[in-house]
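A.B. asks: sequence? don't have it. structure:
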């Protein structure tokens, strides 16, 4: 009989370590304490549990923690040698042990004079060369100097990629759209291999003035290359009189594979490179950000790198007790491993940050969605919480009911900007008041006595009061972090993203995971190739279970009826 779960011979020893056991003992003392009581006992709780770095304020006072809790959590971080692993990452050591690679997305935003070495080679000159190449190219396109095959300037950019090659630049373009005011360019993103995605975009575009940025490290990604070939055929069919050579005026690549890029018809001079020590979900700082650069301009992109670099310096040089990414990481460990919270929500109260939850879903779950530690041992503890979220205001009218009165503990990050790029007082004040009210409501709740008093004041009949009471009580005690930025600028966005990247890193170290591989996506890819072959040929080649075979037959039968 096949085992329900593959259990390796060795198990990760984390749950038997002194720091872990100390936290298990501590939670017995604090699990049933209500945060309202913690605030009543300590009027200075906000100042004690909040930190400011540059234009980012983190208020973590609305958490089920005491001084002892934080002391023990930092003890767990030191037991896991977070500081040593942090230094290894920044030094270019190959901490991605399963692939034998360094993890150096931080090098892409290194704005200091400090060299960074990989295999004994300083990589900073290569990075600066690529940045300058992107500056020259983007300024040609943005200024109208770059002409398409019929002599017209480019007015639309279509980024074709998937995963990190889509989510990163897409999120940046949405977040920093106010900084695109100086350009006439419009930017679009195609990721889904469902043909309706690309067709819905292409039907509004002029092929003579459209440029495609094809982002694929290997230039063999099935979904991306399928969409890229569809775009190329559309371009050739629509313009009609152009030759294959004109493809190079409308297609550029972000890749490492010169041979495949050239075979597609893209001029190698218009291939923008990044390195194998840059993971896809951390690649928006690299040439993968080319679409962002075309949209917001190189100067704004550099400012975003500078903001991320400032957060890198903070993470690298600040004691754990005052370190924003470390605090966020350890609070996540606290709830995920000791309160058994299964998920965490990201709730931005800024429309321009509407894609941040989707970006962080990939960054977090693809990094720490692992059940085997760095040494190949089975984890006997929870790792990698489910990350989800949406714009806060919309969420209030969708899923906040579950946050307030559901049966699950769901820690939340509320994110807000104080200054809006398009502030009308009524709008901004309503947005801010909702942001503040929701965190207070989740923390405070409403007791039976408070609810009865409010119903009596509303002059509700007594029998109706007793009938309504159970439905209108809020337990509260739901934890949240409030992350407040002064204004959403390229610099603060860079710092915000880097803060979450380092949070993910710290949690991976605590759980003793390799956060920088993603073998879990491989099996599905391999099986897709097999099944695609069977769909294309109409024959049964591989052995499947009855469900998969039945579905495959159903697809083929009903395709014939089209």
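C.D. replies: Now that the structure is in, tell me what you want to look at. Please read these numbers as outputs of a predicted model, since none were measured by experiment.

A.B. asks: so where do the strands sit in the stretch 301-450 of the chain?
C.D. replies: 343-349, 386-389, 412-419 (DSSP state E, counting those that start in this stretch).

A.B. asks: could the ones you listed go into CSV alongside distance to residue 360, mean neighbour count and mean pLDDT?
C.D. replies: C-betas here are computed from N, CA, C, even on glycine. Output for those, formatted as CSV (distance: least, CB to CB, whole Å; neighbours: other CB atoms under 10 Å; pLDDT from 0 to 100):
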stretch, distance to residue 360, mean neighbour count, mean pLDDT
strand 343-349, 6, 23, 98
strand 386-389, 6, 20, 98
strand 412-419, 9, 21, 96
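
A.B. asks: As a markdown table, those strands with distance to residue 302 would be great.
C.D. replies: Below are the strands of the stretch 301-450 of the chain laid out as a markdown table (distance: least, CB to CB, whole Å):
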| stretch | distance to residue 302 |
| --- | --- |
| strand 343-349 | 24 |
| strand 386-389 | 29 |
| strand 412-419 | 21 |
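
A.B. asks: Show me the one of the ones you listed that comes nearest residue 213.
C.D. replies: strand 343-349 (26.1 Å; CB to CB).

A.B. asks: Point out the other helices and strands that the strand or helix carrying residue 57 packs with.
C.D. replies: Remark: residue 57 resides in strand 56-59, with elements defined by DSSP states H and E. If you count contacts as 3 or more CB pairs under 8 Å, 6 or more residues apart in numbering; DSSP states H and E, strand 56-59 packs onto strand 50-53, helix 324-333, strand 480-487, helix 490-510.

A.B. asks: can we see that at 10 Å?
C.D. replies: helix 45-48, strand 50-53, helix 298-317, helix 324-333, strand 412-419, strand 480-487, helix 490-510 (3 or more CB pairs under 10 Å, 6 or more residues apart in numbering; DSSP states H and E).

A.B. asks: ok now the very next helix or strand once past that strand, how far from the chain's centre?
C.D. replies: Heading C-terminal from strand 56-59, the first helix or strand you meet, by DSSP H and E, is helix 67-79. Distance of helix 67-79 from the chain centroid (CA atoms, centre = their mean, to the nearest Å) equals 26 Å.

A.B. asks: List the buried residues in helix 67-79.
C.D. replies: By neighbour count on 16 or more other CB atoms under 10 Å, the buried set for helix 67-79 is 69-70, 72-77.

A.B. asks: With respect to residue 270, which of those is nearest?
C.D. replies: Looking across the buried residues of helix 67-79 and measuring by CB to CB, the closest to residue 270 is residue 77, at 45.0 Å.

A.B. asks: Let me see the residues that make contact with the strand holding residue 57.
C.D. replies: 45-47, 49-52, 307, 310-311, 314, 324-325, 327-328, 413-416, 418, 439, 480-486, 492, 495-496, 499 (CB atoms under 10 Å, 6 or more residues apart in numbering).

A.B. asks: contacting residues around the worst-scoring helix or strand of the chain on mean pLDDT?
C.D. replies: Lowest by mean pLDDT, DSSP states H and E among the helices and strands of the chain is helix 462-472, with a mean of 83. When contacts are defined by CB under 10 Å, 6+ apart, helix 462-472 is touched by residues 405, 446, 448, 450-456, 458, 460-461.
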